[in-house]
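Enquirer: Pasting a predicted model and its sequence here:
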Amino acid sequence: MRKPVKFLAKWLLAPVTLVFIAVFVFLMFIRYPDPVSAYQLATAPPSEQPNVFQKSSIPASSEPYIFEKSSIPETLPTTINHEGQQVNTQQLLADTGTHALVVMRGGVITHEFYSDNWDQSRVQNTMSMGKTMLSIAVGQLIDQGLVREDDPITDHLPQFRDNPGMEDVTIKHLLDMQSCIDIPEDYPPGPEGWFTPVAQLFATTDVEYVLEQSISFACQPGDEEYEYRSANSQILGMIFKNVTGQSLSEFFAENVWDRIGANYEASWAIDANDYEKSFCCFNATARDLALAGSLFLNVGKVAYGPNEGHQVMSENWFGRMTTPAGVWFGGYGSDDFGAGMWHKPKEQLVSQGYRGQFIWINPYTETVIVKLSDDYSDYYDETVSMLDQISFGN
């Protein structure tokens, strides 16, 4: 009996091994990680992705802010009003896969929630919140006179000179999603979505290769009637090595993360060439993200802690990030976007990411709310209503 079993195992193992090798070679050819890592990236929710990506570390601050918690914790409203309908708050938090919810008012944490197996030290992939962090760092480059918004991107990334049209793209175009680079922002479900260009940027071991193979133009750079494209932010994040001699992570750590008093190490996902995936994939804790958001309560200065009053963004760059660029995103976004920041009614500012990541900033009540989630629901509008109402204290 043993011989037939061994014989069968031998003949089953051989084709399985060949298939695995073929998949491995194919993934290497298209600049994907090994099959196991590629599968994990394709299936892991944002909360698990920091454990899968290669990462560049952003150390905690040398002078961390000591968070104060309110002696009387704030109670969230039982229901919120959404378009005339009452929505149960706790049910909405559950339905949107909330792992962390931090409400900080005047530097004091008034409400803090973590789901099972979470605490204040756990980081999550914040997805497109990374675009806001990138923009803060680009503002530093501009403030230091290292780049200008009207610089052609090929001045700083000569490897893209062979892509026709790239010579007309400026840093401003990338900041405001006006480059007209035609890499669609499509996220089809299941295996079909694993090989779209934006998914390739997410998973690839070589972002430069994917961009060079995918760049085309739908209109003339600067055309206002164009759509949000993550490729803009990816290209923008690649300039740091050539301009400063530092990676984006190193520059951000020194010029932003350390200064705001971040309590915990953050990180940015990188490819095999150490380019950050700057359109997404910034991993951080909810508390530290609230500190980053508080820069927008104090005209770009550190709002709280040992470095209070230190200018992280110049007043000019603060004004740039808090003023919509007036672009039109067709069916995808809105005209309330500019320099990596979204703008909501009542002059509220929002950094947001795929699957329910939010930094909600209300300057009137000096409130920052951070929500980190694995959101697979269709409750975006309800979530916006909830964050708006909580920020005003009702």
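Expert: Here it is on my side, so go on. Numbering: from 1, shown residues only.
Enquirer: Buried residues in stretch 308-316, which are they?
Expert: Neighbour-count burial for stretch 308-316 flags 311, 312, 313, 314 (criterion: 16 or more other C-beta atoms under 10 Å). Bear in mind the C-beta positions are built from the backbone N, C-alpha and C, glycine included.
Enquirer: Surely the second one is in contact with residue 259?
Expert: Spelled out, it's residue 312. Yes: Residue 312 lies in contact with residue 259 (C-beta atoms under 8 Å); the separation is 5.4 Å.
Enquirer: shared neighbours, these two?
Expert: Both residue 312 and residue 259 are contacted by residue 302, under the criterion C-beta atoms under 8 Å, 6 or more residues apart in numbering.
Enquirer: Just the closest of the buried residues of stretch 308-316 to residue 250, please.
Expert: Residue 250 has its nearest neighbour among the buried residues of stretch 308-316 in residue 312, at 16.2 Å by C-beta to C-beta.
Enquirer: Spit out the contact partners of that closest one.
Expert: So residue 312 contacts 136, 140, 255, 256, 259, 260, 295, 300, 301, 302 (C-beta under 8 Å, 6+ apart).
Enquirer: show me where the stretch 51-200 of the chain has strands.
Expert: Secondary structure of the stretch 51-200 of the chain (DSSP state E, counting those that start in this stretch): strands at 55-58, 68-69, 79-82, 85-88, 98-105, 108-114, 124-125.
Enquirer: May I see these arranged in a markdown table, with distance to residue 166, mean pLDDT and mean neighbour count as well?
Expert: Output for those, formatted as a markdown table (distance: least, C-beta to C-beta, whole Å; pLDDT from 0 to 100; neighbours: other C-beta atoms under 10 Å):
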| stretch | distance to residue 166 | mean pLDDT | mean neighbour count |
| --- | --- | --- | --- |
| strand 55-58 | 25 | 97 | 20 |
| strand 68-69 | 48 | 96 | 12 |
| strand 79-82 | 43 | 96 | 17 |
| strand 85-88 | 46 | 97 | 13 |
| strand 98-105 | 39 | 98 | 23 |
| strand 108-114 | 44 | 98 | 18 |
| strand 124-125 | 29 | 97 | 28 |
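Enquirer: which stretch among the ones you listed comes nearest residue 237?
Expert: Closest among the strands of the stretch 51-200 of the chain, using C-beta to C-beta: strand 55-58, at 11.4 Å.
Enquirer: Against which helices or strands is the closest one packed?
Expert: helix 248-252, strand 266-269 (3 or more C-beta pairs under 8 Å, 6 or more residues apart in numbering; DSSP states H and E).
Enquirer: show me the contacts for the closest residue to residue 255 other than its chain neighbours.
Expert: The shortest distance from residue 255 to any non-neighbouring residue, by C-beta to C-beta, 6 or more residues apart in numbering, is to residue 140 (4.8 Å). Applying C-beta under 8 Å, 6+ apart, one finds that residue 140 lies in contact with 251, 255, 256, 312, 313, 317.
Enquirer: Of those residues, which belong to helices?
Expert: 251, 317 (DSSP state H).
Enquirer: Tell me the spacing between the residue nearest to residue 255 and residue 311.
Expert: For residue 140, the distance to residue 311 equals 10 Å [C-beta to C-beta, to the nearest Å].
Enquirer: Equivalent analysis for residue 317, please.
Expert: 10 Å.
Enquirer: what sits in contact with each of the two?
Expert: residue 300.
Enquirer: residues in contact with residue 90?
Expert: Residue 90 touches residue 76, counting by C-beta under 8 Å, 6+ apart.
Enquirer: quick one: the helices in the stretch 151-300 of the chain?
Expert: Secondary structure of the stretch 151-300 of the chain (DSSP state H, counting those that start in this stretch): helices located at 171-175, 197-203, 207-214, 230-237, 239-244, 248-252, 258-260, 286-294.
Enquirer: Find the residue closest to residue 242 in space, skipping its chain neighbours.
Expert: Once flanking residues are discounted, residue 242 sits nearest to residue 156: 5.2 Å by C-beta to C-beta, 6+ apart.
Enquirer: show me where pLDDT drops low in this structure?
Expert: Applying pLDDT under 70 to the chain flags residues 1-31, 33-34, 187-194, 224-225, 327-335.
Enquirer: per-domain residue ranges of it.
Expert: Following automatic domain parsing, one gets these domains for the chain: 2-30, 42-391.
Enquirer: most packed of these?
Expert: Ranked by mean neighbour count, the domains of the chain are led by domain 42-391 with a mean of 19 (mean count of other C-beta atoms under 10 Å).
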